[in-house]
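Student: here's a sequence, model it:
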Amino acid sequence: MIKLQRHQNNPILLPNSSNEWESIGAFNGCVAYHEGTYHMVFRALSSEKRQNGITMHVSSVGYATSRDGVNFGDHRLLFEATEDWEVYGVEDPRITFFNGKFYIFYTALSVYPFSAYGIKTAVAITEDFKTFIKHPVSTFNAKAMALFPDLVKGKMAALITMNTDLPPAKIAIAYFDREDDMWSPHYWDELYENSGSHVINLLRDIRDQVELGSAPIKTKEGWLILYSYITDYLSNEKKFGIEAVLLDSDHPRHVLGRTQGSLLDPQADYELRGDVPNVIFPSGGLIKDDELYVYYGAADTRVALATCKINDLLNEIKPKASTPVIHTLSDSKKFVRFEGNPILTPIIEWTWQSRAVFNPAAIYEDGKVHLIYRAQSRDGMSVCGYAVSRDGLTIDENLDYPIYVPREDFEKREKTEGNAGCEDPRITEFDDRFYMTYTAYNGETPPRVAMTWISVEDFLRRQWNWAKPTLISLPQVDDKDACIVKGKDGKYVVFHRLGNDIWIDVSEKMDYGENKFLGGKSVAQPRKDNWDNVKIGISAPPIETEQGWLLLYHGVSEPGFKYKIGAILLDSADPTKVIARTDEPIFEPEMPYEIEGEVPNVVFPCGALVINGTLYIYYGGADKVIGVATMELQTLLNQLKNK
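Tutor: Purely as a prediction, here's the structure:
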């Protein structure tokens, strides 16, 4: 992995003890280049002084210039707190030259002692670094904001770090139709309310913290962003690092690639010792010739510089052209995993799926694989998310909002905590509709099977007009793992799990609910002397083949309480008749993301598709992530045929 190299002149800017306004620190410098001059703005920290009746160290914004981006001359106070909304200091400026003006976004402190609601962003606009127009910006807790140096999608745009003091923080993008939108309270209230559609997903762990570093840097590959990544942020063991992400030029929310670790770690004496020791904090960046210059704060006391070859960094993080392939770990009689697994993981910045994404249903329609997956928030509430894949392996789009949420009392949580919601969907298609069955759970009464539907037309248009859900299983009876299909004879067949068995209910009419609930008969049971010796339930809806209905099922195995996958072949005319059943599991937990998670040792498919003779299964791994695996359909049918 590429690393930044410290400049030999480090630190390149030091506090001046003879100047009260910067006697403690001159750090977190940000640089904009314009007409032969490198303009640096930086955070200056004063000696103790009286500020609005309080004795404290006060931050202001300093200014220095350079002809080479390294040697900055005398620095001076650029501006300080002058307004009520910044009365206790101005911090950490980011500067961008745009359309004849310099926009300097900074953190404004309006309350003391410092607290989240009084820490917000502001902007100072200047053309000559002598006169300024100031505006308060965010209406919510935020820091580290910077303007893009060019229009994005024909609009002004900026990055902002939201909830920096209410972690986890989130880096989001904002677009402005007009300049004054940047300081419009209505604009920011609306953005905050819909923040999920603005966030760039960078967090790897809920315990970590991110904060914007540089203003966006335009490259031939996309927008390069430097940012601070702090691991174990709330602990005494937090570690500051510098990372980079490459964003799509036209759609900057789309991450093209990112570094997999820190480009620089605190090691030099000027990083280890200072007002806040062991801190490196990226605050600015630019490209000079073929070098990336990264300006950073060292121990909250000084400005330092580190560099690398820009092409080396871009080549490391930009997407590589490749053909998705399947990674074989087992023999040909078992499903083999996609080497890119897991294909979906929880996105911490999206509250509704910050804990887990798993157990996806799958539909192949309009030349695409559509996944409807179970998403779980930190507090255990489950909803359904939606993602699309053109090749059946890699995700092309993952919506940043759920497409199905609890609507009825039987799936809304009655307690303040614990699991509840809409769980483990299965999807089937008939009569120009997609029918979705799922487990409805309110956290109190036993889980039951619920059913809803949506027209194929509405689904493809993303008009989520789901029908009112109906409970179709018995009250006070634990029933789940269900799907409904329509046979060639026009009868409706519902698969579900009662007790530890797979049951089938066959009906002339689909009039479940009210006083009619699922029943039927048990068609498959656990086998005491085999791998599926605890309980079984269907995985994905059955697939109709010339040999019969192919039904994949999960079986729980002791010792170890592992969820594994088997297959059953059912008679086409009478699906309650079992023709064959695999003796050995055809898929089982082997990879770390299947062994370790919310529930260990689980592979749990809820979707299966046949595309060009290949059987694809989409499964939850350890109730945490989503993977895909494949097998030739005929290979599996031959196994069953030879039974």
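Student: how far away is His198 from Leu159?
Tutor: Per CB to CB, to the nearest Å, His198 is found 10 Å from Leu159. Quick note: C-beta positions are derived from backbone N, CA and C, even for glycine.
Student: these two - which one has more neighbours?
Tutor: Per other CB atoms under 10 Å, whichever of His198 and Leu159 has more neighbours is Leu159, with 27 against 20.
Student: let me see the contact set for that one.
Tutor: Met145, Ala146, Phe148, Ile171, Ala172, Ile173, Ala174, Ile200, Leu212, Ala215, Pro216, Ile225 (CB atoms under 8 Å, 6 or more residues apart in numbering).
Student: so which of those residues sit within strands?
Tutor: Met145, Ala146, Ile171, Ala172, Ile173, Ala174, Ile200, Leu212, Ile225 (DSSP state E).
Student: save those residues as a markdown table, and put in neighbour count and distance to Arg461 too.
Tutor: Shown next, in a markdown table, are the ones in strands among the contacts of Leu159 (neighbours: other CB atoms under 10 Å; distance: CB to CB, whole Å):
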| residue | neighbour count | distance to Arg461 |
| --- | --- | --- |
| Met145 | 29 | 36 |
| Ala146 | 26 | 37 |
| Ile171 | 25 | 31 |
| Ala172 | 24 | 28 |
| Ile173 | 21 | 26 |
| Ala174 | 21 | 28 |
| Ile200 | 20 | 27 |
| Leu212 | 30 | 36 |
| Ile225 | 26 | 34 |
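Student: dump these into a markdown table; add distance to Lys412 and pLDDT as well.
Tutor: Below are those laid out as a markdown table (distance: CB to CB, whole Å; pLDDT from 0 to 100):
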| residue | distance to Lys412 | pLDDT |
| --- | --- | --- |
| Met145 | 38 | 98 |
| Ala146 | 41 | 98 |
| Ile171 | 32 | 97 |
| Ala172 | 29 | 97 |
| Ile173 | 33 | 97 |
| Ala174 | 33 | 98 |
| Ile200 | 32 | 96 |
| Leu212 | 37 | 98 |
| Ile225 | 39 | 98 |
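Student: from these, which is closest to Glu588?
Tutor: Ile200 (36.4 Å; CB to CB).
Student: how near is that closest one to Trp223?
Tutor: Ile200 is 10 Å from Trp223, by CB to CB.
Student: pull up the overlap in contacts between these two.
Tutor: Leu247, Pro252.
Student: the strands in the stretch 401-550 of the chain, which residues?
Tutor: 420-430, 433-441, 448-455, 470-471, 479-486, 492-498, 501-507, 521-524, 535-538, 543-545, 548-557 (DSSP state E, counting those that start in this stretch).
Student: packing partners of the first one?
Tutor: Helices and strands touching strand 420-430, as assessed by 3 or more CB pairs under 8 Å, 6 or more residues apart in numbering; DSSP states H and E, comprise strand 356-365, strand 368-376, strand 381-389, strand 433-441, strand 479-486, strand 603-611.
Student: and Leu399, which of these is closest to it?
Tutor: That would be, of the helices and strands packed on strand 420-430 and by CB to CB, strand 381-389, which comes in at 4.8 Å.
Student: list the buried residues in that closest one.
Tutor: Met381, Ser382, Val383, Cys384, Gly385, Tyr386, Ala387, Ser389 (16 or more other CB atoms under 10 Å).
Student: report the buried residues of stretch 6-19.
Tutor: Buried residues in stretch 6-19 (16+ other CB under 10 Å): Arg6, His7, Asn10, Pro11, Ile12, Leu13, Pro15, Asn19.
Student: quick one, what contacts the last one?
Tutor: Contacts for Asn19 were tallied using CB under 8 Å, 6+ apart; they are Leu77.
Student: got phi/psi on it?
Tutor: Backbone torsions for Asn19, taken as degrees, to the nearest 10, come to phi -100, psi 120.
Student: repeat that for Pro185.
Tutor: Torsion angles, degrees, to the nearest 10, at Pro185: phi -60, psi -40.
Student: tell me, how many neighbours does Asp177 end up with?
Tutor: 10.
Student: which residue ranges of the stretch 201-350 of the chain form helices?
Tutor: Counting by DSSP state H, counting those that start in this stretch, one finds helices in the stretch 201-350 of the chain at the ranges 269-272, 310-317.
Student: helices or strands up against the last one?
Tutor: Think helix 310-317. Using 3+ CB pairs under 8 Å, 6+ apart, helix 310-317 is in contact with strand 239-247, strand 255-258, strand 291-298.
Student: can you list the low-confidence ranges for this structure?
Tutor: 321-332 (pLDDT under 70).
Student: the same query, at a cut-off of 50, please.
Tutor: The chain contains residues with pLDDT under 50 at 327-331.
Student: ok, Glu588 - contacts?
Tutor: With CB under 8 Å, 6+ apart, Glu588 has these contacts: Lys562, Lys564, Ile565, Val603.
Student: determine which two of these are furthest apart.
Tutor: Lys562 and Ile565, at 10.7 Å, using CB to CB across the contacts of Glu588.
Student: so which of the two has more stuff around it?
Tutor: Ile565 (25 against 20).
Student: OK, contacts around the more buried one?
Tutor: Applying CB under 8 Å, 6+ apart to Ile565 gives the contacts 335, 539, 552-555, 585-588, 603, 605, 617, 619.
Student: closest one to Pro346 out of those, please.
Tutor: Nearest member of the contacts of Ile565 to Pro346, counting by CB to CB, is Tyr619, at 15.6 Å.
Student: does the closest one touch Ala608 like I think?
Tutor: No. Using CB atoms under 8 Å as the test, Tyr619 is too far from Ala608 to be in contact (9.2 Å).
Student: center of this protein, which residue is that?
Tutor: Ile347 (2.3 Å; CA atoms, centre = their mean).
Student: tell me how far Tyr435 lies from Ile472.
Tutor: In terms of CB to CB, Tyr435 sits 11 Å off from Ile472.
Student: cool, Val70 as well?
Tutor: The value you get for Val70 to Ile472, if CB to CB is used, is 71 Å.
Student: the two: which is more packed in?
Tutor: A count of neighbours by other CB under 10 Å puts Ile472 above the other of Val70 and Ile472, at 24 against 16.
Student: what sits closest to that one if chain neighbours are left out?
Tutor: Tyr512 (3.7 Å; CB to CB, 6 or more residues apart in numbering).
Student: contacts only, for Met451.
Tutor: Neighbours of Met451 in contact, by CB under 8 Å, 6+ apart: Tyr435, Met436, Thr437, Pro469, Thr470, Ile472, Ile484, Tyr512.
Student: redo that, cut-off 6 Å
Tutor: If a contact means CB atoms under 6 Å, 6 or more residues apart in numbering, then Met451 has Thr437, Thr470, Ile472 as its contacts.
Student: equivalent analysis for Tyr175, please.
Tutor: Contacts for Tyr175 (CB under 6 Å, 6+ apart) come out as Lys155, Ala157.
Student: for it, name its beta-bridge partners.
Tutor: Beta-bridge partners for Tyr175, by DSSP bridges, are Ala157.
Student: would you confirm that Tyr103 belongs to a helix?
Tutor: No. Assigned with DSSP: H, G, I helix; E, B strand; the rest coil, Tyr103 falls outside any helix and is strand.
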